[in-house]
Structures are given as structure tokens and as C-alpha cells.
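Starting from these lines, generate the structure:
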Amino acid sequence: MTKKKKGLLIIQLTIFLVAIGLIYHTYVDKNKKIKDIIKVEAETDFDENKFTDITYSGFDLSGNRYELNAGTATFKTENPAIINMKDVDAKFYLNDNTVLTVTSKEGFYNNVTLDMDFIENVKADYLTHILFSDSLTYSSVDAKLIATGNVRGESIKKGEFIADNVEYDLADKTLNFSMFNNKQINVKLKN
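Alright, predicted model coming up:
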């Protein structure tokens with residue numbers, strides 16, 4: 001075999017091996033990509049939309065500005081008005097230039113009625129007052145907050161209270177306490 005033929009054979013063999021390598025990697029990568037695409041499609045729910053780090057803001061029916069933040073927010077396509085939220089943080093900028101902050105583990109926001117529900121580990125902070133409860137509902141029509149379930153309040157100036165149900169009227173700045181049975185409301189006032 002001549003030197004020229006050996007060189008030509010080495011070039012042909014190199015091209016053949018490169019072609020085999022390219023074909024192998026092309027089909028192996030395609031199969032892997034197809035598996036990844038199938039996995040992503042299996043996790044997609046066409047009935048539900050999910051967003052992360054979402055903010056809703058606007059004005060309620062009483063003219064108070066609010067900002068509602070959530071770590072995740074989902075809604076069903078057949079009912080997009082109800083937003084399910086996780087890791088919720090809301091700020092209400094009231095007409096008297098005070099700020100009410102509400103945090104909770106979960107919540108719901110109705111983007112039509114502007115009503116909000118805060119659920120699990122609810123904490124409301126207003127001026128020198130802090131309220132803890134299992135759930136808190138904000139009604140935009142009435143401009144009221146209704147806290148239920150293990151409601152406990154603390155005030156630096158006024159003291160502490162424990163009740164089953166507390167209703168706070170944002171316009172009148174009044175609190176109404178109630179219990180579900182014949183139990184008494186527990187209030188400790190400071191002098």
C-alpha cells in the first residue's frame with residue numbers, strides 16, 4: 001500500500017468515525033430531549049395557571065389603597081376571579097394615612113369583588129395593635145375585617161384580649177368582640 005493510499009484511508013476512517021459519533025450523539029440527545037418534553041407536558045395543568053412572586057394592587061370600594069403580594073398564586077381557568085395564594089403579605093393604605101399590614105400562610109383574593117381571605121398563621125399589624133387568628137376576611141363592600149378562630153390581640157397602650165370572633169370596621173375604627181358559645185370574652189386592660 002502506498003503512502004498516498006494510507007493517507008487517504010486514514011482520512012476516510014477519521015471522517016467515518018466522526019460521522020458515526022455525530023449520528024450517535026444526535027439520536028441520543030433527541031431521545032433525551034423527547035423524554036424531558038414529555039415530563040414537562042405531564043406536569044402542565046391546562047385547567048390551572050400558576051405564577052410566582054405576584055403583586056395585586058388597587059383601591060377598594062371605600063377608596064383605601066391596597067397592595068397584595070404572594071409567593072405563589074394560582075387560579076382555575078374556569079373561574080379566574082378567585083386567586084389562591086401562598087405566603088401572603090398585604091398592606092392597606094387607609095384614608096387616614098395609616099397602614100394596616102396582614103400576613104398569612106395562605107389566602108384567597110377575588111379580583112372582581114376585591115374581597116380577601118387570609119388563612120393560617122394570620123397576623124394583622126396596625127399602629128400599636130397586633131392581632132393573631134386562624135383566619136381573617138376583608139370585605140371591600142363593608143370595609144370590614146372579620147377575624148375568627150383563636151383570635152388574640154395585643155395593644156401596647158390598651159392591653160390584651162382573647163375572643164372567638166372580632167370585627168374591625170375600617171371606616172369607624174371600631175372593634176366588636178363575640179364568642180360562639182356562652183363563654184366570656186377575656187380582656188386585660190392596662191391602666
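
Sticking with Tyr24, tell me its helix or strand.
Using DSSP states H and E, Tyr24 falls within helix 3-43.

And the helix or strand just after that helix, what's buried?
Using DSSP H and E, the helix or strand that follows helix 3-43 towards the C-terminus is strand 48-59. Residues Ile54, Tyr56 are the ones in strand 48-59 that count as buried (16 or more other CB atoms under 10 Å). No exception for glycine: its C-beta is placed from N, CA and C like everyone else's.

Partner strands of strand 48-59, with direction?
strand 65-76 (antiparallel) (DSSP bridges).

per-residue confidence averaged over the strand it pairs with?
The pLDDT scores in strand 65-76 average 91.

Pull it out as CSV, backbone CA atoms only.
Output of strand 65-76 as CSV, limited to C-alpha atoms (Å, rounded to 0.1, in the frame of the first residue of the first chain):
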residue,chain,number,x,y,z
ARG,A,65,-55.3,51.7,48.5
TYR,A,66,-54.0,48.1,48.9
GLU,A,67,-51.1,46.0,47.8
LEU,A,68,-51.4,42.3,48.0
ASN,A,69,-48.2,40.2,47.5
ALA,A,70,-47.9,36.4,47.3
GLY,A,71,-45.1,33.9,46.9
THR,A,72,-47.3,31.8,44.5
ALA,A,73,-50.7,32.5,43.1
THR,A,74,-52.9,30.0,41.1
PHE,A,75,-56.3,30.2,39.6
LYS,A,76,-58.5,27.9,37.7
